[in-house]
Every structure is written in C-alpha cells, then in structure tokens.
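Visitor: Here's a sequence, model it:
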Amino acid sequence: MSTITQTWNIAVPIAMPVSLEQSWYALLTRARHEKIVAHRLRELGVTSFLPVITELRKWSDRKKLVEFPLFSCYVFAKLPPTNEGRLKALRIDGVFSLVGKPGEGTPIPDEQIEAVRRIAEERLAWQAHPFLKIGQRVRIRSGALNGVEGVLVARSGESTLVVSIDAIQRSLAVRIDGYSVEPI
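Guide: Got it, this is the predicted structure:
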C-alpha cells in the first residue's frame with residue numbers, strides 16, 4: 001500500500017518595500033503609435049494613461065471629431081522599479097525607451113499625472129505652454145481644479161496655471177481667473 005503525501009504551498013502576502021512601489025514613467029513611442037501602445041499595456045495588465053484632446057477636422061467631403069494625444073510620442077505607464085517591470089513595457093512594439101535615466105527611466109510624481117488627468121477630464125480650455133522649471137509653484141484651492149498644483153504665470157493680463165511633466169519636459173497651461181490660489 002502506498003502513502004500519498006500532500007504538500008501545501010501557502011502564499012503569504014509580503015508587504016512591498018517602499019522602493020518596489022509602482023511609479024509613473026513616460027514611455028517614448030513611435031509617432032502615431034500612442035493609442036496602440038496604451039492598448040497593449042492594458043492587455044498586459046499595466047496601468048497606462050494617454051491624455052487625449054478632441055479636435056474637429058475638416059475634409060473636402062466631411063467633418064469629424066478626431067482624438068489626438070495631448071503629448072505626441074508619449075504614453076504614461078505605472079511600473080515597478082525593477083528591470084523585469086520595465087522590460088515588460090519596453091518589449092511592446094512601438095516603444096523606444098523610458099524617458100529619463102538610461103535603462104531606468106525617471107519616475108513621475110503621482111501629483112503631476114493627476115493634475116493632467118483632472119484638466120483633461122474637466123475639458124477646460126487649455127493650450128500648450130513652453131516647459132518651465134522656474135517660477136512660483138501654486139495650488140488651486142477652489143472649484144473643479146481644487147488641489148491641482150502648478151506654476152502661476154501671467155499671460156495677456158490673465159492668470160494661468162502651468163502644469164508640467166518634468167520627465168518629458170512638456171507643459172500645458174489653463175486659465176485660472178476666478179479660482180482661489182495659494183502658494184506652496
């Protein structure tokens with residue numbers, strides 16, 4: 001008579017060290033491949049963010065609303081800071097590299113991604129703005145953009161908040177006249 005021995009492998013959740021928490025990274029993509037890269041990231045179970053704008057395009061025979069990436073040639077992905085996690089994204093056809101430190105990329109603060117997401121969701125009038133590294137940082141304290149941080153500038157006599165993604169050196173500007181703003 002034979003004896004059957006059962007072994008149970010019990011998976012015990014291990015708290016991730018702070019250094020292994022996922023961070024946002026910018027992926028540099030081939031031109032006009034942003035949507036397919038974002039789709040492939042989602043298929044792999046990777047959280048991605050592709051902010052888009054909708055523009056009315058006119059052809060000789062029709063008009064159509066068309067979505068375009070807000071930052072052409074860039075898709076944002078939430079990745080663990082491990083080689084395996086980064087390689088998962090880098091192996092996608094259409095991805096050239098991570099933006100930032102070669103081989104590692106530069107993590108993007110959650111606040112910067114959330115600020116762009118909120119502006120895109122609110123469908124506020126905005127315009128591309130040159131990347132700024134200097135200037136006073138402010139936080140909006142009222143209205144639909146409460147809590148969004150950026151750099152306060154004056155353009156044509158109007159108050160404007162510039163929200164920047166440091167890693168890709170791109171910014172967008174939104175008018176904030178009527179909003180309560182406080183320095184950070």
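Visitor: How many residues are close by the closest residue to residue 76 other than its chain neighbours?
Guide: Excluding the flanking residues, the one nearest residue 76 by CB to CB, 6 or more residues apart in numbering is residue 49, at 4.2 Å. Backbone N, C-alpha and C define where each C-beta goes, glycine included. Residues lying near residue 49 (other CB atoms under 10 Å) number 18.
Visitor: Residue 49 and residue 24 touch, don't they?
Guide: Yes. If you go by CB atoms under 8 Å, residue 49 and residue 24 touch, sitting 7.5 Å apart.
Visitor: In contact with residue 110: list those residues for me.
Guide: For residue 110, the contact set (CB atoms under 8 Å, 6 or more residues apart in numbering) comprises 23, 24.
Visitor: Now residue 98: closest residue in space, sequence neighbours ignored.
Guide: Nearest non-adjacent residue to residue 98, counting by CB to CB, 6+ apart: residue 105, 3.0 Å away.
Visitor: The one you found: neighbouring residues, count only.
Guide: 24.
Visitor: how about it, what does it touch?
Guide: Going by CB under 8 Å, 6+ apart, the list of residues near residue 105 reads 25, 26, 79, 86, 97, 98, 99, 167.
Visitor: between these, which is nearest residue 109?
Guide: Using CB to CB, residue 167 comes nearest to residue 109 of the contacts of residue 105, at 9.4 Å.
Visitor: part of a helix, is the closest one?
Guide: Yes. The assignment for residue 167 is a helix, going by DSSP: H, G, I helix; E, B strand; the rest coil.
Visitor: Confirm for me that it is in contact with residue 104.
Guide: No. Taking contacts as CB under 8 Å, residue 167 lies outside contact range of residue 104: 11.6 Å.
Visitor: Between these two, which has more neighbouring residues?
Guide: When neighbours are counted by other CB under 10 Å, residue 167 and residue 104 differ, and residue 167 comes out ahead with 21 against 12.
Visitor: Please indicate which of the contacts of residue 105 are buried?
Guide: Burial by neighbour count, 16 or more other CB atoms under 10 Å: within the contacts of residue 105 this picks out 25, 26, 79, 86, 98, 99, 167.
Visitor: need those in CSV with secondary structure, can you?
Guide: Output for the buried ones among the contacts of residue 105, formatted as CSV (three-state DSSP):
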residue, secondary structure
25, strand
26, strand
79, strand
86, helix
98, strand
99, coil
167, helix
